[in-house]
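Trainee: got a sequence here, can you build the structure:
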Amino acid sequence: MSIFNGKKAVQYIFFEMLPSFILGLLVFISIILMFQVLRLTEFALVHGVAIKVIAQIIGFVIISLLPVLFPMALLFSVLLTYGRLSQDSEIVAMKASGLPMGTLLLPALVLATLVGIISAQMSFNIAPWGNRQFEVLYSRLASTKAGAVIKEGTFSDSFFNMVVYANKVDSNKGQLEKVFIYDEKSGDVPLTIIAKEGEIIPDPVNPGHEVLLRLKSGEIHRQAQNHTKISFDTYDVRFSTPLNIQEREKSPQSLTLQEVRGRLKEDLSKDPELERTLRTEFHKRIAITVLCLVFAMIGVGLGTTTNRRAAKAGGMILCIGLIIFYWVLYIAAEGMARGGSAPVALAIWAPNVIFAILGVRALQKNWN
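Mentor: This next block holds a predicted model:
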């Protein structure tokens, strides 16, 4: 019998998978957001960020992670659907009616292809945009309330690119006690500033872009050929960042696939680490797209095992186990690629190849 026979069976299985796919996507989005709760709570309580801005942050985070969530939701959908069909003996009935395994595999491959196309568009263009918007918004919020950046009793290097330490911090009033500042970008020689007290005064006209740090009862140390020490009663330091945060250089994760290709065509021989990072980004985005087809094969192969008990619970546990196994392999492979201990293409594609082999083996066991 031809693989394209059994049209009704193909449609039936395909439309059975769609609700499970949407459910799986919502489940994994919820799991991801659970890990962001602490950061979002900090924005709301410490920085006083409005609910509307929190919603924007959530939206950008979800958009940037959708290319990764699509294959996971697909595996969830295929395992659950084919597991239920096996539990209800519908797979046995379809095979008994003369439908080949290829026909049963076809709906999963069709859904995987559609999801892969959407995932590719997300990964190549839309997700980098979402990640970039998150970077811009996070930078703006991080500097809007500058006092919140400085943690009490902790060296902080995110205060206008300086290292700042304060023994006590009142972020609401912007008051600091026993302040230590190390500024290595103040000319050719770094400055070390020590003060008993400090006050952060944000500019009401350009909040988050200009800050006045007023220090009291302190000393400035400058070490060149000779050590220079200056004592002061009051010392004002004005800091500023570019008003247009959009002008800041994009991270590799915020580059579209076309931009990554363009950067790779440049002469990066002086920065091999950046070249490896860009090549990793390039192969990673294509590999995540192809992963949809790989997960579809594994899902059908494991899901069509007949007489499975507790298919729904077993399918969910199996799905989580496979996802964890894949991402452990993937994180290790990406680390090797970025570190230069293995060729980038080989490292990034190795988890896909391993899982493709597992998928083919699982399908062989259930083939006619």
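Trainee: all contacts plus neighbour counts: C-alpha atoms, from now on.
Mentor: Noted.
Trainee: contact partners for residue 280?
Mentor: 334, 337, 338, 344, 345, 348 (Cα atoms under 8 Å, 6 or more residues apart in numbering).
Trainee: now those residues in a markdown table, with secondary structure, distance to residue 237 and pLDDT?
Mentor: What follows is these, written out as a markdown table (DSSP: H, G, I helix; E, B strand; the rest coil; distance: Cα to Cα, whole Å; pLDDT from 0 to 100):
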| residue | secondary structure | distance to residue 237 | pLDDT |
| --- | --- | --- | --- |
| 334 | helix | 42 | 91 |
| 337 | helix | 43 | 90 |
| 338 | helix | 39 | 87 |
| 344 | helix | 45 | 91 |
| 345 | helix | 48 | 92 |
| 348 | helix | 47 | 93 |
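Trainee: what's the farthest-apart pair in those residues?
Mentor: Using Cα to Cα, the pair of those lying farthest apart is 338 and 345, separated by 11.0 Å.
Trainee: tell me which of those two has more neighbours.
Mentor: residue 338 (23 against 17; other Cα atoms under 10 Å).
Trainee: contact partners for that one?
Mentor: Residue 338 neighbours (Cα under 8 Å, 6+ apart): 273, 276, 277, 280, 344.
Trainee: one more time with 6 Å, if that's ok
Mentor: Residue 338 makes contacts with 276, 277, as judged by Cα atoms under 6 Å, 6 or more residues apart in numbering.
Trainee: ok, now residue 184?
Mentor: So residue 184 contacts residue 190 (Cα under 6 Å, 6+ apart).
Trainee: run the last query once more with 8 Å
Mentor: By Cα under 8 Å, 6+ apart, the neighbours of residue 184 are 162, 190, 191.
Trainee: so which of those belong to strands?
Mentor: Applying DSSP state E to these, the entries found in strands are 162, 191.
Trainee: got TSV for the contacts of residue 184, with neighbour count and pLDDT too?
Mentor: Shown next, in TSV, are those (neighbours: other Cα atoms under 10 Å; pLDDT from 0 to 100):
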residue	neighbour count	pLDDT
162	16	74
190	15	79
191	18	82
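Trainee: the helices in the protein, which residues?
Mentor: Along the chain, counting by DSSP state H, helices occupy 7-34, 37-45, 51-87, 90-96, 101-121, 127-144, 257-264, 272-303, 311-339, 344-366.
Trainee: from the chain's centre, how far out does the third one sit?
Mentor: If you compare the mean C-alpha spot of helix 51-87 with that of the full chain, they lie 13 Å apart, counting by Cα atoms, centre = their mean, to the nearest Å.
Trainee: the chain should start at 59 in everything you say after this.
Mentor: In the new numbering, first residue 59, that becomes helix 109-145.
Trainee: in that helix, what's buried?
Mentor: 115, 118-145 (16 or more other Cα atoms under 10 Å).
Trainee: and for the fifth one?
Mentor: Neighbour-count burial for helix 159-179 flags 159-167, 169-171, 173-174, 177-178 (criterion: 16+ other Cα under 10 Å).
Trainee: tell me the centre residue of this protein?
Mentor: residue 123 (5.4 Å; Cα atoms, centre = their mean).
Trainee: now the stretch 59-208 of the chain, which segments are flagged as low pLDDT?
Mentor: Applying pLDDT under 70 to the stretch 59-208 of the chain flags residues 59-63, 97, 100-107, 197-207.
Trainee: angles on the backbone of the residue of the chain most remote from its centre, please.
Mentor: Here the chain reaches farthest from its C-alpha mean at residue 284, the gap being 47.7 Å by Cα atoms, centre = their mean. Per-residue torsions, residue 284: phi -120, psi 150 (degrees, to the nearest 10).
Trainee: closest to residue 258 out of the helices of the chain?
Mentor: helix 185-202 (11.7 Å).
Trainee: returning to that earlier point: dump the residue contacts of the residue nearest to the centre of the chain.
Mentor: Counting by Cα under 8 Å, 6+ apart, residue 123 has contacts residue 185.
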